[in-house]
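Participant: Structure here, sequence nowhere to be found:
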């Protein structure tokens, strides 16, 4: 298997080879008025092929039960803030993301321990996984 950067030329070759029609996009017209633009074109449908890692919902449930429902970085508690609507809500993330593992480790036999995942609010994953942040909140 190999990876290649999707350059404009490569995209052109692929679309030509498979007879894919590409919708032309119009550059944004300069606004005649000083009023800020309030409407934007959206909803264009694209077809994309990609790899993804299947997650085990039992791991997520066990991790939430083990770690609780409070963000391990900032301490945010959805139930305390949103009441019944937030009860039982928290996101589960791998300490070492599956996408960063070596390709040789990608298999059906890959096992993840509950301590290899953390529970985080929706705001903390980006900060937590940044280059300068420690990988695991419990290791701070």
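Facilitator: Looks like it came in fine. Please read all numbers here as calculations on a predicted model, not as lab measurements.

Participant: Now do the same for residue 82: its pLDDT.
Facilitator: Looking at residue 82, its pLDDT is 93.

Participant: now do residue 45
Facilitator: 89.

Participant: how close does it get to residue 54?
Facilitator: 25 Å (Cβ to Cβ, to the nearest Å). Glycine gets a C-beta too; all of them are placed from N, C-alpha and C.

Participant: Just want to know which of those two has more residues nearby.
Facilitator: Each of residue 45 and residue 54 has its neighbours counted (other Cβ atoms under 10 Å); residue 54 has more, 8 against 5.

Participant: And the more buried one, which helix or strand is it part of?
Facilitator: For residue 54, there is no helix or strand it lies in under DSSP states H and E.

Participant: Look up how far residue 122 lies from it.
Facilitator: The spacing between residue 54 and residue 122, counted by Cβ to Cβ, is 22 Å.

Participant: Same question for residue 18.
Facilitator: From residue 18 to residue 122 the distance is 38 Å (Cβ to Cβ).

Participant: more neighbours, those two?
Facilitator: With neighbours defined as other Cβ under 10 Å, residue 18 and residue 122 compare such that residue 122 has more, 12 against 7.

Participant: Now do the contacts for the more buried one.
Facilitator: Residue 122 sits next to residue 91 when contact means Cβ atoms under 8 Å, 6 or more residues apart in numbering.

Participant: Residue 115 versus that one, what's the distance?
Facilitator: Relative to residue 115, residue 122 is positioned 22 Å away (Cβ to Cβ).

Participant: Ok, residue 78 next?
Facilitator: From residue 78 over to residue 115 the distance is 22 Å, taken as Cβ to Cβ.

Participant: These two: which has the busier surroundings?
Facilitator: Using other Cβ under 10 Å as the criterion, residue 78 and residue 115 rank with residue 78 on top: 19 against 12.

Participant: Was I right to think that one contacts residue 68?
Facilitator: No. Using Cβ atoms under 8 Å, residue 78 is not in contact with residue 68; the gap is 11.4 Å.

Participant: intersection of neighbour lists for those two?
Facilitator: Both residue 78 and residue 68 are in contact with residue 90, where contact means Cβ under 8 Å, 6+ apart.
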